[in-house]
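Colleague: Below are the sequence and a predicted model; questions follow.
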Amino acid sequence: MMRNAAKERGIEFDPKELEAIGRQADRRRRRAEKHPLARAASNYGSMTDRWFKDEKALLFEKEEEVRTKARLGVASVREEVASLTDVVEIIRWYQHQIYVKLMRGLNHDPGRDTNAADVPNDSDGSVKIALIGIDRSIAAWARMKDHFPEKTDDILNFLLHLDRLRRAAEEEFPNARKFVRPGFDPAPGTARGGRN
């Protein structure tokens, strides 16, 4: 479809050039996949999957506990359910997104970057989203610890892993936190932004 549209506009693609571009993109992707940030983010996703699989019985126990509290009319049960549901949804939402966004940042095409100071770098925007996911995941795991204090040691491992990942990402992409996402972040010099 793209070739037909290009042809209609008098644009022709050189097959050799397209092949070279493809090889270059493959090299960038492979290099990004080997980067310590990508490996750590991928490892976090796998660790999270394993934890939820291994702790399935614990989560079912908690569900039964909450149902019992509901039958007994415990007033705070709705807040507990809402809190735990929120925590699980946050962790599961970001567990793979962190890797995807870091990969996008690591896989950027340096030839597409601009030297203009007023033009933001796309890789910083992707990494900013990964950092937001890491921040929210850290907060969610801390709340998970409140729900399952008997799993504190396991959860502390997640918190440590995410904190190291966050610091490494901030070091690799020092301008990522400054990236302004239109419609989400406040523009420089303004007090408030849009939604997160």
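Modeller: That came through, no problem.

Colleague: Lys145 and Arg9: what is the separation?
Modeller: From Lys145 across to Arg9, the span is 58 Å (Cβ to Cβ, to the nearest Å). The way it works is simple: take the backbone N, C-alpha and C, and place the C-beta from them, glycine included.

Colleague: same deal with Gly73?
Modeller: 70 Å.

Colleague: for the chain, which helix is longest?
Modeller: helix 77-106 (DSSP state H).

Colleague: so how far is that helix off the chain centroid?
Modeller: Centroid separation for helix 77-106 versus its chain: 9 Å, with Cα atoms, centre = their mean, to the nearest Å.

Colleague: tell me the mean pLDDT over it?
Modeller: Average pLDDT, helix 77-106: 90.

Colleague: re the thing from before, so for Lys145 and Arg9, which sits in the more crowded spot?
Modeller: Lys145 (19 against 8; other Cβ atoms under 10 Å).

Colleague: Asn157 is in contact with that one, correct?
Modeller: No - the pair Lys145 / Asn157 is not scored as a contact, 11.3 Å apart, by Cβ atoms under 8 Å.

Colleague: Provide a list of residues in contact with the residue most central in space within the chain.
Modeller: In the chain, the residue lying closest to the centroid (Cα atoms, centre = their mean) is Ile98, at 2.2 Å. With contacts defined as Cβ atoms under 8 Å, 6 or more residues apart in numbering, Ile98 is in contact with Ala41, Tyr44, Gly45, Ala130, Gly133, Ile134, Ser137, Leu165.

Colleague: cool, and Ala32?
Modeller: Per Cβ under 8 Å, 6+ apart, neighbours of Ala32: Ala38, Met103, Leu106, Asn107.

Colleague: In which helix or strand does it reside?
Modeller: According to DSSP states H and E, Ala32 maps onto helix 15-34.

Colleague: Give me the contact list for the helix or strand just after that helix.
Modeller: Remark: after helix 15-34, the chain's next helix or strand is helix 36-54, criterion DSSP H and E. Residues outside helix 36-54 that contact it (Cβ under 8 Å, 6+ apart) are 32-33, 59, 91-92, 95-96, 98-99, 102-103, 106, 130, 154, 157-158, 161-162, 164-165, 168-169, 172.
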